[in-house]
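Chemist: Test case, fold it:
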Amino acid sequence: MDCKMNIAVFLSSSLTSGGGFQYELKITSLLNQKINKYNIKFFTLNVDIIEEYKKCGINVLQIKKDKLEEVLILSYHIDLIYFLNPTALCLELINLPYIITVWDLCHRDFLEFPEVRLNHEFEKREKLYAGNGLKKAVAVIVDSKLSQTNLIKRYGLDEKRIHILKFLPRINFYDDVSLDIHKKYTIKNPYIFYPAQFWAHKNHIYILDAIKILKETHSVIIDVVFTGKDYGNLNYILNTAQKYHIEKQIHYLGFVENNEIPSLYKNSLALVMPTYFGPTNIPPLEAFLYEVPVCYSDLDGLREQVEDAAFLLDLNQPNSLVNSLIEILKHSPIVKEKIARGKSLLNRWTDKDFTDEFLSILNNFEQKRRCWGASVLPGKKLTSFERKIEKAIELQYEQKKYQCIIYGYGTIGKMIYSFMRENSLAFIDQKSTNISKEIKKGEVYHPTNLSNMQYDKIIISVLGREEEIIKYLVEELTVDKEKIIILEL
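Modeler: So this is what the prediction gives:
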């Protein structure tokens, strides 16, 4: 490689998506302004965001998913791809190396919430994280030590491949704009601010509980300003406010323009963010920047992000927020101390720190990239048979807690056993005459021996006869169909 390395940066989040867009805009702006050593081009499948980036002086190219890798190699001579979000698009790549970003693992931390359960969202994330998506990345970008630890523990990633590049406050072109938020939105009382999409995990209900207690127990009236797109939970929150008789104190502004954000912070009594999801978030950093008190969830990762610069909230006790707001209303010395600590904390991780760390990742990759010539086109796509083998390989990660029986003692069955030796009890095969009550690991038994076996799943490794075998197992041997796994995709 004789010239500058070519890097493709992929964006996806739309303006109304909130934190995702702000994160991608911030990083894109840094790469666009601060890194000249490499040729960086910005791409998206989402045509709707191109105009927004153009307003910020950033040229984003639309590209289609079809023949993605070929286009990147032939038309743009790309050497490395950087995904700014945890996207399954990386699974489309065969030859090109890539860096991928993981924002959180909250589908595992708080799997109770509907947004990580509905429409197979949990399964989609696990396919990306537990499959080849992260394992094939030359680098994985995370926001915290906790995320790094969990990626190693849950998905077996190499620590040296995981790089901690912490979040930064949003880029904002309107810090000098001063708006009277109380006047514009007819807000009569001091208000707390919560910029968050209306997902259940954002825990808006916790704020309503505290506002109700303040009103009924302490005769303190505080208003609330909510901003963000509704993802199905807004009516529940507004109806609950009405039930609590505090509806006049709740101001839902929906999606607001960027020029209002600084004033929304600066005019507020405090940022209140009782979210369950983390381990880090951007709004506390913005509040530190605008010298606004922060009330934040006392959870693993989140408390480490803000240290002693925020009022930490017990999410099981709304009175925790009540007491914090009373302290803030009193303008006690601790409030000023926390604001000062927040400003100090911001200085520990700057735009330059992020850029320097990311450059070190690129420089490390470049040393290896110099070992070969031009990027080559991807070869033929995997055949149906090869995809089934790939599925078998993924089973070793998906079935860690299962004790498996493998149906079929052919090549694929033996291959699955080699992948899953720890979790595989034995084989069953109709050609076998072996029937025994004493089961030995790795031996081959006749299917009628299943009644003597203790197992969680049966993996059918015989291709093309799956329906016939399932019928035999279910109807003749009374095997629970839910326990049968096939390799079809």
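Chemist: Can you tell me the SS state at H251?
Modeler: Recorded secondary structure, H251: strand (DSSP: H, G, I helix; E, B strand; the rest coil).
Chemist: neighbours around it, how many?
Modeler: H251 sits with 16 neighbouring residues when counted by other Cβ atoms under 10 Å. Every C-beta, even on glycine, is put in place using the N, C-alpha and C of the backbone.
Chemist: With K65 instead?
Modeler: 9.
Chemist: okay, now the closest residue in space to it that isn't next to it in sequence: neighbour count?
Modeler: Closest residue to K65 apart from its sequence neighbours, by Cβ to Cβ, 6 or more residues apart in numbering: L45 at 6.0 Å. When counting by other Cβ under 10 Å, one arrives at 15 neighbours for L45.
Chemist: and if you look at L299?
Modeler: Neighbour tally, L299, other Cβ under 10 Å: 21.
Chemist: pretty sure it contacts N316?
Modeler: No. With contacts counted by Cβ atoms under 8 Å, L299 stays clear of N316, the gap being 11.2 Å.
Chemist: Just the buried positions in stretch 97-113, please.
Modeler: By 16 or more other Cβ atoms under 10 Å, the buried positions in stretch 97-113 come out as 97-107, 109-110, 113.
Chemist: Present those residues as a markdown table; the columns should include pLDDT, secondary structure and distance to Y82.
Modeler: Output for those, formatted as a markdown table (pLDDT from 0 to 100; DSSP: H, G, I helix; E, B strand; the rest coil; distance: Cβ to Cβ, whole Å):
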| residue | pLDDT | secondary structure | distance to Y82 |
| --- | --- | --- | --- |
| P97 | 97 | coil | 10 |
| Y98 | 98 | strand | 7 |
| I99 | 98 | strand | 5 |
| I100 | 98 | strand | 8 |
| T101 | 97 | strand | 8 |
| V102 | 96 | coil | 13 |
| W103 | 93 | coil | 15 |
| D104 | 93 | coil | 19 |
| L105 | 95 | coil | 20 |
| C106 | 95 | helix | 23 |
| H107 | 94 | helix | 23 |
| D109 | 94 | helix | 26 |
| F110 | 95 | coil | 28 |
| F113 | 96 | coil | 29 |
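Chemist: Kindly reformat these as TSV containing distance to I58.
Modeler: TSV is the format used below for the buried residues of stretch 97-113 (distance: Cβ to Cβ, whole Å):
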residue	distance to I58
P97	24
Y98	21
I99	19
I100	21
T101	18
V102	24
W103	21
D104	25
L105	29
C106	29
H107	31
D109	33
F110	34
F113	34
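Chemist: between those residues, which is closest to V294?
Modeler: D104 (19.3 Å; Cβ to Cβ).
Chemist: Report the secondary structure state of the closest residue to that closest one other than its chain neighbours.
Modeler: In space, and not counting its chain neighbours, D104 is closest to F277: 6.0 Å by Cβ to Cβ, 6+ apart. Put simply, F277 is coil when judged by three-state DSSP.
Chemist: and the gap between the residue nearest to K65 and E92?
Modeler: The span separating L45 from E92 equals 11 Å under the rule Cβ to Cβ, to the nearest Å.
Chemist: so what sits against both of those two?
Modeler: Counting by Cβ atoms under 8 Å, 6 or more residues apart in numbering, the contacts common to L45 and E92 are K65.
Chemist: sorry, back to before: so the residue nearest to K65 touches I63, yeah?
Modeler: Yes. At 6.7 Å, L45 and I63 qualify as touching, with contact defined as Cβ under 8 Å.
Chemist: what sits in contact with each of these two?
Modeler: Counting by Cβ under 8 Å, 6+ apart, nothing touches both L45 and I63.
Chemist: hmm, back to that, so which of the buried residues of stretch 97-113 would you say is closest to I484?
Modeler: Taking Cβ to Cβ as the measure, I484 lies nearest H107 of the buried residues of stretch 97-113, at 25.6 Å.
Chemist: can I assume V272 sits in a strand?
Modeler: Yes. Secondary structure of V272 (three-state DSSP): part of a strand.
Chemist: can you tell me which residues contact it?
Modeler: By Cβ under 8 Å, 6+ apart, the residues touching V272 are 192-194, 207, 224, 295, 321, 325.
Chemist: do you know how far it is from K457?
Modeler: 46 Å.
Chemist: Could you do P318 as well?
Modeler: 44 Å.
Chemist: ok, now how distant is the residue nearest to D104 from L15?
Modeler: 21 Å.
Chemist: So between the two, which is more surrounded?
Modeler: Counted by other Cβ under 10 Å, F277 and L15 do not tie: F277 has more neighbours, with 25 against 17.
Chemist: Which helix or strand lies directly C-terminal to the helix or strand of the chain with the lowest mean pLDDT?
Modeler: Of all helical and strand segments in the chain, the minimum by mean pLDDT, DSSP states H and E falls on helix 384-398, at a mean of 59. For helix 384-398, the succeeding helix or strand toward the C-terminus, using DSSP states H and E, is strand 404-407.
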